[in-house]
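*Asks:* only the shape, not the letters, is given here:
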């Protein structure tokens, strides 16, 4: 997940120059890219008017093009964004914001080499730019280079302690490293600095869930949904928390159903809905959901197992992969979901064995890991 970037407090963040004598100040202000998607259309329209002003100063034109690049990136239109950033840099080769915006565009296109080059150039131009360190840190994090990522994110926060998104990125990095305590601290700081940032509630909910604190997880997932009710993953994770809490199967089904409606191609939402429906003795929707899923890739074998098309040995065979990381992940899931199926069919001994394997072998960040631990408690 790549989250949108909110403007930090630093004056270097996408500043437009002082008011141009020709351009309308209101349009200059609205054109400024601040990373809030709900303002993108208005921002682009304002930038269009600024760029279209024949009397605009050269510097204001470059700044407006850079901002419009940012808005197009926020709307996931990387081609238009790249065109605008290239034009902005063509006008002013020392415009830090344009390199940072273009770096984000390249990152969205998985062009890591050009993205890194742009972030490096931005920091050469402005070595005290917190936004630049945060973005380069995010790039390193996306590449699995956690050491360099942490160095850059630490520097971003040192330069701007109030930079909420840098705290969020560092917290998410700590979560990936399994450092739940530091991850929780950064998520708390993110929410303190930006109480309306839904992804922070989502990640903090996941952390609470990993710690076995389902009530706190439910509360945070609920807040994330209240702030953004179009995010399937928040409904999915709240559904899991409802499921393992016990006695909340109807609530779990409702959340998994909503997650599937928002993202019909999410195989895990369909799979967990099946678990909750079976536990609740409700009609199954898995066969219907499978029609919209890619049944050629994992976890399709698990779904086929639930549909009765594969047995457990065939499911484990499909979990094998020559890549050790992939094999570990798929075997973990084969153990967990097979354990859940055994539990649903009243085979307590087999369920206990398989869920114990999942609890022992699943990566701690996997939702199946915490779920397996929760499911084992009443089986002891």
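*Replies:* The structure has been received and is ready for your questions. The structure displayed is predicted, hence computed values, not measured ones. Residues are numbered from 1 along each chain as shown.
*Asks:* what's the spacing between whichever strand or helix holds residue 372 and its chain's center?
*Replies:* Following DSSP states H and E, one finds residue 372 within helix 367-376. Distance of helix 367-376 from its chain centroid, counting by C-alpha atoms, centre = their mean, to the nearest Å, is 22 Å.
*Asks:* for the residue lying closest to residue 141 once chain neighbours are set aside, give its distance to residue 116.
*Replies:* Sequence neighbours aside, residue 149 is the residue nearest to residue 141 in space, at 4.0 Å (criterion: C-beta to C-beta, 6 or more residues apart in numbering). C-beta: built from backbone N, CA, C; applies to glycine. According to C-beta to C-beta, to the nearest Å, residue 149 and residue 116 sit 12 Å apart.
*Asks:* then residue 361?
*Replies:* 35 Å.
*Asks:* so which of residue 149 and residue 116 has more stuff around it?
*Replies:* residue 149 (23 against 18; other C-beta atoms under 10 Å).
*Asks:* which of the helices or strands spans residue 230?
*Replies:* Applying DSSP H and E, one finds residue 230 in no helix or strand.
*Asks:* please name the nearest non-neighbouring residue to it.
*Replies:* In space, residue 230 is closest to residue 262, 6.4 Å off (C-beta to C-beta, 6+ apart).
*Asks:* show me what contacts the one you found?
*Replies:* Residue 262 is in contact with 230, 231, 232, 235, counting by C-beta atoms under 8 Å, 6 or more residues apart in numbering.
*Asks:* so where do the strands sit in the stretch 201-350 of the chain?
*Replies:* In the stretch 201-350 of the chain, no strands are found when defined by DSSP state E, counting those that start in this stretch.
*Asks:* residues contacting residue 149?
*Replies:* Taking C-beta under 8 Å, 6+ apart as the definition, contacts of residue 149 comprise 137, 138, 139, 140, 141, 173.
*Asks:* tell me which helix or strand it sits in.
*Replies:* helix 146-159.
*Asks:* any idea of the mean pLDDT in the helix or strand following that helix?
*Replies:* Counting by DSSP H and E, the next helix or strand C-terminal to helix 146-159 is helix 164-177. Averaging pLDDT along helix 164-177 gives 95.
*Asks:* angle of helix 164-177 against helix 146-159?
*Replies:* In terms of direction (axes from the mean of the first three to the mean of the last three C-alpha atoms, to 10 degrees), helix 164-177 departs from helix 146-159 by 150 degrees.
*Asks:* the helix holding residue 149: which residues count as buried?
*Replies:* 149, 150, 152, 153, 155, 156, 157, 159 (16 or more other C-beta atoms under 10 Å).
*Asks:* circling back: what pLDDT, on average, does the helix holding residue 372 get?
*Replies:* Helix 367-376 comes out with an average pLDDT of 91.
*Asks:* what does it rub up against?
*Replies:* 206, 209-210, 212, 214, 237, 240, 243-244, 332-333, 335-337, 339-340, 343, 351-352, 355-356, 358-359, 362-363.
*Asks:* in that helix, what counts as buried?
*Replies:* For helix 367-376, by 16+ other C-beta under 10 Å, it's 367, 368, 369, 370, 371, 372, 373, 374, 375, 376.
*Asks:* pull up the distance across stretch 222-231, start to finish.
*Replies:* 12 Å (C-alpha to C-alpha, to the nearest Å).
*Asks:* how many residues are close by residue 297?
*Replies:* When counting by other C-beta under 10 Å, one arrives at 9 neighbours for residue 297.
*Asks:* can I see the domain layout of the chain?
*Replies:* 1-127, 130-195, 294-380 (automatic domain parsing).
*Asks:* can you redo the ones you listed as CSV with distance to residue 284?
*Replies:* Formatted as CSV, the domains of the chain follow (distance: least, C-beta to C-beta, whole Å):
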stretch, distance to residue 284
domain 1-127, 30
domain 130-195, 34
domain 294-380, 9
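*Asks:* any idea which of those gets closest to residue 252?
*Replies:* Taking C-beta to C-beta, domain 294-380 is the member of the domains of the chain nearest to residue 252, at 11.6 Å.
*Asks:* start and end of the closest one, how far apart?
*Replies:* Terminal-residue distance, domain 294-380 (C-alpha to C-alpha): 37 Å.
*Asks:* mind checking how far that domain is from the chain centre?
*Replies:* For domain 294-380, the distance to the chain centre is 24 Å (C-alpha atoms, centre = their mean).
*Asks:* over to stretch 154-164?
*Replies:* 21 Å.
*Asks:* give me the contact list for that stretch.
*Replies:* Outside of stretch 154-164, the residues within contact range by C-beta under 8 Å, 6+ apart are 6, 8-10, 128-131, 133-134, 137, 166-167, 170, 189-190, 193-194, 197, 200.
*Asks:* for residue 354, list the residues it contacts.
*Replies:* Applying C-beta under 8 Å, 6+ apart, we find residue 354 in contact with 335, 336, 338, 339, 342.
*Asks:* closest one of those residues to residue 47?
*Replies:* Using C-beta to C-beta, residue 336 comes nearest to residue 47 of the contacts of residue 354, at 48.9 Å.
*Asks:* so what's the residue count around the residue nearest to residue 357 when sequence neighbours are not counted?
*Replies:* Nearest non-adjacent residue to residue 357, counting by C-beta to C-beta, 6+ apart: residue 335, 4.4 Å away. Other residues near residue 335 come to 25 when the count uses other C-beta under 10 Å.
*Asks:* how close does residue 335 get to residue 374?
*Replies:* Per C-beta to C-beta, residue 335 is found 15 Å from residue 374.
*Asks:* report the buried residues of stretch 269-286.
*Replies:* 269-279, 285-286.
*Asks:* distance from the chain centre to that stretch, please.
*Replies:* 26 Å.
*Asks:* many thanks, we can stop here.
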